[in-house]
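Peer 1: Provided below are the primary sequence and the corresponding predicted coordinates.
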Amino acid sequence: MTASRQQIRLPAAAALALLLVVWAASAQAEDQQPQPQQEQTCTLQAGPTRSVVRVVDAETVLLDDGEEVRLIGALAPRSPDLKPDAGPWPPEEAAAAALRDLVAGRSAELASSGRARDRYGRLLAHLFLEENGERVWVQGRLLSTGHARAYGLPESFACARELLAHERVAREAQAGLWANAAYATRAALEAGKLLRYRNSYQIVEGSIARVKAAKARTYLDFGPDWRTDFSAGIDAKVLHTNPEWAKTLEGLQGRRVEVRGWIEYRGRPYIAIEDPSQLAVLEDGAQPAPSTPGGPVLSSERPNGERLASRTNENARRKSCRASISSEVRLLRLRQAAWVSASPASASAARRRPRALLESTSVMRCTAPRSSSFSTAAISRAMRSSASS
């Protein structure tokens, strides 16, 4: 009886041990399997919420406070015919209509990063709407429906990866402007044709014949004759800002790439690369498909409790800062009164150097830049007031 019980127990124990081994092995195999990388999203500085009262053109809107906003990152189609008597351009009209249907008369949240305005004084911002309980990125919607191309300006290339991913959706589907030959990819070796598109935004594809590093910039030459063939240039400042990317440029010789930007004439057709997003390496003659389009994260998007705690801490810090300023003002007034009473001639000198008096005390500074500027202005006003009394 005992033997039979042992015969029963031993297989059961062995089965249990075998089960544990199999479970451990499978768990280890799962751990060793490559996990999909979590997509990183860009961060924008959240701004005010305004109402869109009018769509000025396919990339500009007028807000209820009188400000004009240029939708940075989404370049609207423009007519190749620049003559004064040129007729309407269908892709541009379609883009303007799409933007009008999306934002006209609605409240939109503004967000920004980097450069604040363009050369015409328009705000450079991203717009966000609430639609069916979800946030809609206006630039992303225009790009993914083929009503704009992804681009950037110096100091305004935020969210370039996300913008390009949305653009890719429309390019692969040949939607909107991508079905029009005016926005086709240009061949790098056709330098003569590229010059016809001078001062226009183009996407140029070709193999890099030579990478030449000079003192001021690095050149990517696409033909045997750098004097006449198409080239792209990257200023030293851009290379210094993106050191890891700069190290990869030497290895691009012989590779097929895609360059986007405005065609310039510098003795040859030329594009200035001001951000790594303007240069993409092609694999097997096809543009690599970016990841699933994502949207930006606004810097103010924090849990309510975290926002409340932050606001409470900020209020306490400002209160402490103002108290410190008040005591410093009193101290500096006493010092100034002592100098004036010691010698009448010192009165004019004291009035001429309120900034020197400010710098003589280190406690007057507040930790945050906003409070620091407040303290400087407050003490300066107090000293001017006391000097004139």
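Peer 2: Yep, that arrived.
Peer 1: which of the residues in the longest strand seen in the chain are buried?
Peer 2: Secondary structure of the chain per DSSP state E: the longest strand is strand 43-57. Under the neighbour-count criterion of 16 or more other Cβ atoms under 10 Å, strand 43-57 has 44, 46-47, 50, 52, 55 buried. C-beta: built from backbone N, CA, C; applies to glycine.
Peer 1: residue ranges for the helices of this structure, please.
Peer 2: If DSSP state H is used as the criterion, the helices of the chain fall at 2-32, 90-103, 138-144, 160-173, 191-196, 236-241, 243-248, 304-342, 346-352, 354-359, 369-388.
Peer 1: buried ones in the fourth one?
Peer 2: Right, the one you point to is helix 160-173. Quick answer for helix 160-173 (16+ other Cβ under 10 Å): 160-171.
Peer 1: tell me which of the buried residues of strand 43-57 is nearest to Glu131?
Peer 2: Val52 (13.8 Å; Cβ to Cβ).
Peer 1: Lys83 and Glu59, how far apart?
Peer 2: Separation of Lys83 from Glu59 (Cβ to Cβ, to the nearest Å) stands at 21 Å.
Peer 1: who has more neighbours, those two?
Peer 2: Using other Cβ atoms under 10 Å, the more surrounded residue of Lys83 and Glu59 is Glu59, with 25 against 7.
Peer 1: Pretty sure Lys237 is one of the things Ala246 touches, is it not?
Peer 2: No: applying Cβ atoms under 8 Å as the test, Ala246 and Lys237 come out as separate, 11.1 Å apart.
Peer 1: Which of these two has more residues huddled nearby?
Peer 2: Ala246 (17 against 12).
Peer 1: contacting residues around the nearest residue to the more buried one once chain neighbours are set aside?
Peer 2: Leaving aside its chain neighbours, Ala246 sits nearest to Leu239 (4.1 Å; criterion: Cβ to Cβ, 6 or more residues apart in numbering). Contacts for Leu239 (Cβ atoms under 8 Å, 6 or more residues apart in numbering) come out as 217-218, 246, 249.
Peer 1: what do you get for Thr228?
Peer 2: 191, 267-268.
Peer 1: okay, now the closest residue to Leu220 other than its chain neighbours: neighbour count?
Peer 2: Distances taken as Cβ to Cβ, 6+ apart place Ala232 nearest to Leu220, at 4.5 Å, with adjacent residues excluded. As a burial measure, Ala232 scores 25 neighbours (other Cβ under 10 Å).
Peer 1: Next up, the contacts around Ala232.
Peer 2: The contact partners of Ala232, by Cβ under 8 Å, 6+ apart, come to 204, 219-220, 222, 259, 261, 270-273, 279.
Peer 1: Let me know the closest of these to Leu102.
Peer 2: Set against Leu102, the nearest of those by Cβ to Cβ is Gly261 (27.0 Å).
Peer 1: ok, residues contacting stretch 252-267?
Peer 2: 149-151, 185, 188, 194-195, 197-211, 220, 227-228, 231-232, 269-274, 278-282, 285, 287.
Peer 1: and the residues you listed, which are buried?
Peer 2: 149-151, 188, 194-195, 197, 201-206, 208-209, 211, 220, 231-232, 269-274, 278-280, 287.
Peer 1: In strands, which of those fall?
Peer 2: Going by DSSP E, the strands hold 149-150, 201-206, 211, 220, 231-232, 269-273, 279-280 from those.
Peer 1: related to what we said a few turns ago, now rank the contacts of Thr228 by neighbours and give me the top one.
Peer 2: Comparing the contacts of Thr228 by number of neighbours (other Cβ under 10 Å), Arg268 comes first, having 19 neighbours.
Peer 1: where does that one land on pLDDT?
Peer 2: Note on Arg268: pLDDT of 96.
Peer 1: hang on, isn't it packed against Phe222?
Peer 2: No: using Cβ under 8 Å, Arg268 is not in contact with Phe222; the gap is 9.8 Å.
Peer 1: sorry, back to before: out of the contacts of Thr228, which comes closest to Ser144?
Peer 2: Closest approach between those and Ser144, by Cβ to Cβ: Ala191, at 32.8 Å.
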